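> structure, please.
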Amino acid sequence: MMQKNERRLLLYCLAMCVVTGVIVTWLINSQPKRIAVVDAVKLFDGYNMKNELEELAKRQLQAESKQIDSIGNALEMAKVVHTDEEGIKRLSYSYDYMKSKLQKDYEQSNHDINEKVWKRLNPLLQDYGKKKHLHLIIGANGMGSVLYNDDYFDLTNEVIKYVNTRYAEGN
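Coordinates of the predicted model:
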């Protein structure tokens with residue numbers, strides 16, 4: 001059987017364990033959960049690098065589009081002046097080929113821009129999260145991954161400003 005002092009010591013140890021557990025639980029739960037939500041579409045659209053790449057691609061695609069328009073005009077003119085059937089077929093083939101090429105170039109351009117932008121944005125988002133001592137950045141994309149968040153967690157505009165500043169600095 002336990003002696004009175006041993007029971008008292010055991011009760012004291014149990015009480016200290018319970019108090020320690022309560023304090024640790026309170027400390028863990030009292031720390032703010034550093035979570036941010038960033039609208040990925042707004043971030044992507046607001047990133048200056050993306051806009052610059054799109055402008056460059058737009059100019060290149062417009063040049064191709066002008067060539068297609070010229071071939072289309074030549075094709076129409078050939079039909080009006082009754083050019084030989086073989087000449088019209090060649091122009092028609094060139095026109096269809098160039099339209100198809102423009103569509104493929106447009107899709108490839110979008111793919112390349114997306115890839116380059118996210119390749120640059122991801123490390124910047126990691127850097128931002130570390131500097132702001134965030135535990136989690138959730139990307140809202142309008143596709144259902146984040147169904148609701150209030151403005152308290154939404155740091156989209158702050159992140160856009162940060163990444164554009166870093167981009168302007170050459171990062």
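> which residues of the chain score low on pLDDT?
Applying pLDDT under 70 to the chain flags residues 1-2, 26-33, 142-150.
> which residues in the chain form strands?
The residue ranges that make up the strands of the chain, judged by DSSP state E, are 35-39, 136-140.
> could you dump the ones you listed to JSON lines with distance to His111 and mean neighbour count?
For the C-beta atoms, the positions are set from N, CA and C on the backbone; glycine is no exception. Output for these, formatted as JSON lines (distance: least, C-beta to C-beta, whole Å; neighbours: other C-beta atoms under 10 Å):
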{"stretch": "strand 35-39", "distance to His111": "22", "mean neighbour count": "21"}
{"stretch": "strand 136-140", "distance to His111": "19", "mean neighbour count": "16"}
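> nearest to Tyr162, of these?
Shortest separation from Tyr162 across those is recorded for strand 35-39, at 10.4 Å, computed as C-beta to C-beta.
> who are the packing partners of that closest one?
strand 136-140, helix 156-168 (3 or more C-beta pairs under 8 Å, 6 or more residues apart in numbering; DSSP states H and E).
> could I get the strands of the chain as TSV with distance to Glu115?
Formatted as TSV, the entries for the strands of the chain read as follows, by distance: least, C-beta to C-beta, whole Å:
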stretch	distance to Glu115
strand 35-39	19
strand 136-140	17
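> so which of those strands gets nearest Asp45?
If you check each of those against Asp45 by C-beta to C-beta, strand 35-39 wins as the nearest, at 9.3 Å.
> chain center to the closest one, what's the gap?
For strand 35-39, the separation from the chain centroid amounts to 12 Å (computed by C-alpha atoms, centre = their mean, to the nearest Å).
> relative to helix 156-168, how tilted is that strand?
80 degrees (axes from the mean of the first three to the mean of the last three C-alpha atoms, to 10 degrees).
> much appreciated, bye for now.
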